[in-house]
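*Asks:* Pasting a predicted model and its sequence here:
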Amino acid sequence: MMKIEQTQSLSFDELDELVRPAPEVVEFEEVAKSMVSRRGFLGGGAAVGASAFVMGSTTLAAGKAFAAGEKESRLAFSMVKANTLDTITVPEGYKWEVLTSWGEPMFSNAPAFNGATGGTGASQELSFGDHNDGMAMFSHNGRQILCVNNEYTNLNTLHANRADGVPTTADDVLKSKAAHGVSIVEVSRQNNQWGIVKDSEFNRRITVDTEMDITGPARGHDLLKTKADPKGVVAKGTWNNCGNGQTPWGTYLTCEENFNGYFSSSDESFSLTPEMKRYGISHKDWGYKWSMADSRFDLSKEPQEPNRAGYIVEIDPLDPTSRPKKRTALGRFKHENAELTIASNGHVVVYLGDDERGEFLYRFVSKHKYLAGGNNRNLLEEGTLYVAKFHDNNRGEWLAMTPKTTGMTDAEISIYTRIAASKVGATTMDRPEWVASNPNKVEVFCALTNNKNRGVKPNAGGDATPATGPNPRVENNFGQIVRWVPMNEDHTSSEFKWNLFVLAGNPAVYDDANAGSQNVNQDNMFNSPDGLIFDSKGLLWIQTDGNYSNEKGFQGQGNNQMLVGDPETGEIRRFLVGPKECEITGAAWNTERTTMFISVQHPGEKGNSHWPDGGQSVPRSSVVAIYREDGAVIG
Ligand code: FEO
Ligand code: CA
Ligand code: CA
Ligand code: CA
């Protein structure tokens, strides 16, 4: 197993791969078969390319491909050029400023941020968390409360006071646990500068140590019982909170993603179950060393603890004393975000991606209906989980996961959701990241960020990964965005039509399918779409978390970025470029929609950035406010 020193400069993806390499077995027959069907599907060969597939062969009205100057674009800004600067670049007429950063005090009794040490457990508990990701704004009596996920940490910056960033003491573990979770802050713009309202009654940190209720089918199940919670009904904490969701009844949804990387075993002979392996649990953690000071994270002492993570957690941001609720009905996997919409028949539908190579795309449909003005607080407690199966003819279906279809109990489906999905024959996907539902039309998009194992290796459950359907490229390094339209404009329908909105690629380097679809050109090209958020006009904001080397296949693509896509025309324009070695993720707007907030996560993750403070300062993940100089609405 690798040493900590070697892991410091690796991205989360690279760590995941190191700790839990995908099975080495190559299903040659499967690969060969898929290559044939891919050629057939794409129309006979690489020369035809992916563009015909995306905009041409679809049965959906995908909108005509955008041709410059054809008609007035709805993307009313001049495109930002790709770059590798250590700053943020926005279009002419727009400005940006930092709202807050990792370690910023939320309360007046917190010490000022200390970049030389990375702070202490006590300071971190009172301060904004690290690696901010998904977020949502809540308006209440003229006040604005921003909920922000704090996904993970960079060990070298968090533990700057330790050699090689290796956590050494119990306080280091406390600091690390407090840097994770959710930061809830009231925000306001005072003296022309956005910032946190210190000591607001709404300010709250939710961390790895916050008590929360387990609800839904898995509540009280034997698999969730631990020494500290013999009834299996109260979990402690949430961590690796990636994307998010928001409900019309005023709650925030935070999504537990790579929860596995925090567990380890002090007993090397501890036997990992097949279920643990499917979820990437291993004898070694990813360098966090939480088990050093908290036995919950030692598998040999608490083998059930991992079953209590990997869920959607519902939080009431307006009641700082409320207990968050783990919603097990929405399944357990590496949750990206939770895109909630109300179907025409009143049921709540939540679309959910499982971000792992070859894992699945899910849908939850509530048992009870949403009632405007009614008591909707427990609609996420009960319902049915479905998983997507895509057919090559641009049709697809949602497969219900029930005791009848899986041979598992409702609780088991909630806890071992991946296994249930494999049983019903779901389509293995190229790492489903954010799902976004168009507010002005019944259509849904999902970013499939990339998958170097496509057509090469099965997923961890042994399911084949043929290069077909919405995952058409072998060893997919660039990613794509799939769109589906539920039949009868009904989000609860069991059938849908699909096409690809974009296949990312590099037309400056490739002339095959890696060039991308026809709405990708040398000016707007990018790789690894991740964050997807619709604005009120029905424009799709696309955020990237990909290869920023600016070399070889990625030459000319620069740092990670944010683009805007028009679902009607297919046009895509780059709006923003982030600083070095960051990803851009998450979005929210102020009440008047004159400011857009985004997360700049892990700038300088490999040690090559001083953003945002400059000089020789440590890089800090930050929430950035973007607005127009003329004060007009931005999305
Ligand atoms: Fe935390 Fe899949 O991104
Ligand atoms: Ca992230
Ligand atoms: Ca993400
Ligand atoms: Ca990502």
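*Replies:* Yes, it's here. Ligands and ions are numbered 1, 2, ... in the order given.
*Asks:* Run through the residues that contact the residue of the stretch 301-450 of the chain found nearest ligand 3.
*Replies:* Here the stretch 301-450 of the chain gets closest to ligand 3 at one residue, Glu433, 4.9 Å apart by C-beta to the ion. Every C-beta, even on glycine, is put in place using the N, C-alpha and C of the backbone. Contacts for Glu433 were tallied using C-beta atoms under 8 Å, 6 or more residues apart in numbering; they are 243, 336-337, 353, 355, 446-449, 529-532, 545.
*Asks:* and the gap between Ser200 and Leu99?
*Replies:* Taking C-beta to C-beta, to the nearest Å as the measure, Ser200 falls 14 Å from Leu99.
*Asks:* what helix or strand does the residue in the stretch 1-150 of the chain positioned nearest to ligand 1 sit in?
*Replies:* Nearest residue of the stretch 1-150 of the chain to ligand 1: Asp133, at 6.2 Å (C-beta to the nearest ligand atom). Secondary-structure element containing Asp133, defined by DSSP states H and E: strand 132-140.
*Asks:* go on, Gly570?
*Replies:* Assigned by DSSP H and E, Gly570 belongs to no helix or strand.
*Asks:* What count of nearby residues applies to it?
*Replies:* With neighbours defined by other C-beta atoms under 10 Å, the count for Gly570 comes to 20.
*Asks:* What does the pLDDT read for it?
*Replies:* If you check Gly570, the pLDDT there is 97.
*Asks:* Pro21 now?
*Replies:* Model confidence at Pro21, given as pLDDT, is 55.
*Asks:* go on, the one 4 residues further on?
*Replies:* What the model reports for Val25 is a pLDDT of 36.
*Asks:* re the thing from before, for whatever helix or strand comes next after the strand holding Asp133, list the C-alpha coordinates in CSV.
*Replies:* For strand 132-140, the succeeding helix or strand toward the C-terminus, using DSSP H and E, is strand 143-150. Coordinates of the C-alpha atoms in strand 143-150 are reproduced here as CSV (Å, rounded to 0.1, in the frame of the first residue of the first chain):
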residue,chain,number,x,y,z
ARG,A,143,-32.2,37.6,4.9
GLN,A,144,-30.1,35.3,2.8
ILE,A,145,-28.8,32.0,4.2
LEU,A,146,-26.3,30.0,2.1
CYS,A,147,-25.8,26.3,2.7
VAL,A,148,-22.4,25.1,1.4
ASN,A,149,-21.0,21.6,1.3
ASN,A,150,-17.4,21.0,2.5
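*Asks:* Check whether strand 143-150 comes near ligand 1.
*Replies:* No - when contact is scored as C-beta under 6 Å from any ligand atom, no part of strand 143-150 falls within range of ligand 1; the minimum is 8.9 Å.
*Asks:* That strand close to ligand 3?
*Replies:* No - contact between strand 143-150 and ligand 3 is absent, the nearest approach being 10.0 Å (criterion: C-beta under 5 Å from the ion).
*Asks:* Now stretch 174-182: buried residues?
*Replies:* Applying a neighbour-count criterion of 16 or more other C-beta atoms under 10 Å, the buried positions in stretch 174-182 are 174-182.
*Asks:* likewise stretch 486-504?
*Replies:* 486, 490-493, 496-504.
*Asks:* Switch those residues over to a markdown table; also include secondary structure and pLDDT.
*Replies:* Putting those into a markdown table (DSSP: H, G, I helix; E, B strand; the rest coil; pLDDT from 0 to 100) gives the following:
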| residue | secondary structure | pLDDT |
| --- | --- | --- |
| Pro486 | strand | 98 |
| Asp490 | coil | 98 |
| His491 | coil | 98 |
| Thr492 | coil | 99 |
| Ser493 | coil | 98 |
| Phe496 | strand | 98 |
| Lys497 | strand | 98 |
| Trp498 | strand | 98 |
| Asn499 | strand | 98 |
| Leu500 | strand | 98 |
| Phe501 | strand | 98 |
| Val502 | strand | 98 |
| Leu503 | strand | 98 |
| Ala504 | coil | 98 |
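*Asks:* between the residues you listed, which is nearest ligand 1?
*Replies:* When the buried residues of stretch 486-504 are compared for distance to ligand 1 (C-beta to the nearest ligand atom), Ala504 wins out at 15.9 Å.
*Asks:* Got the phi and psi for the closest one?
*Replies:* With angles defined as degrees, to the nearest 10, Ala504 sits at phi -70, psi 160.
*Asks:* residue contacts, the residue lying closest to it once chain neighbours are set aside?
*Replies:* Across the structure, with C-beta to C-beta, 6 or more residues apart in numbering as the measure, the residue nearest Ala504 apart from its sequence neighbours is Phe478 (4.1 Å). Residues in contact with Phe478, defined by C-beta under 8 Å, 6+ apart, are 450, 503-506, 514, 516, 527-528, 546, 553.
*Asks:* again, only using 10 Å
*Replies:* Going by C-beta atoms under 10 Å, 6 or more residues apart in numbering, Phe478 touches 430, 449-450, 502-506, 510, 513-516, 520, 525-529, 546-547, 553-554, 557.
*Asks:* Let's see the PyMOL selection covering just the buried ones among those residues.
*Replies:* Selecting only the buried members of the contacts of Phe478 in PyMOL, with burial defined as 16+ other C-beta under 10 Å, works like this:
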select buried, resi 430+449+450+502+503+504+505+506+513+514+515+516+520+525+526+527+528+529+546+547+553+554+557
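*Asks:* Restricted to helices, list the contacts of Phe478.
*Replies:* The helices, defined by DSSP state H, take in nothing from these.
*Asks:* Check which helix or strand the residue nearest to Ala504 maps to.
*Replies:* Assigned by DSSP H and E, Phe478 belongs to no helix or strand.
*Asks:* change the start of the numbering to 24 and stick with it
*Replies:* Sure, I'll start numbering at 24, so the last one becomes Phe501.
*Asks:* coming back round to it: cross-check the contacts of Glu456 against ligand 3 and keep the overlap.
*Replies:* Applying C-beta under 5 Å from the ion to the contacts of Glu456, those adjacent to ligand 3 are Asp553.
*Asks:* Give me the more crowded residue out of Ser223 and Leu122.
*Replies:* Residue environment comparison for Ser223 versus Leu122 gives the larger neighbour count to Leu122, 24 against 18, counting by other C-beta under 10 Å.
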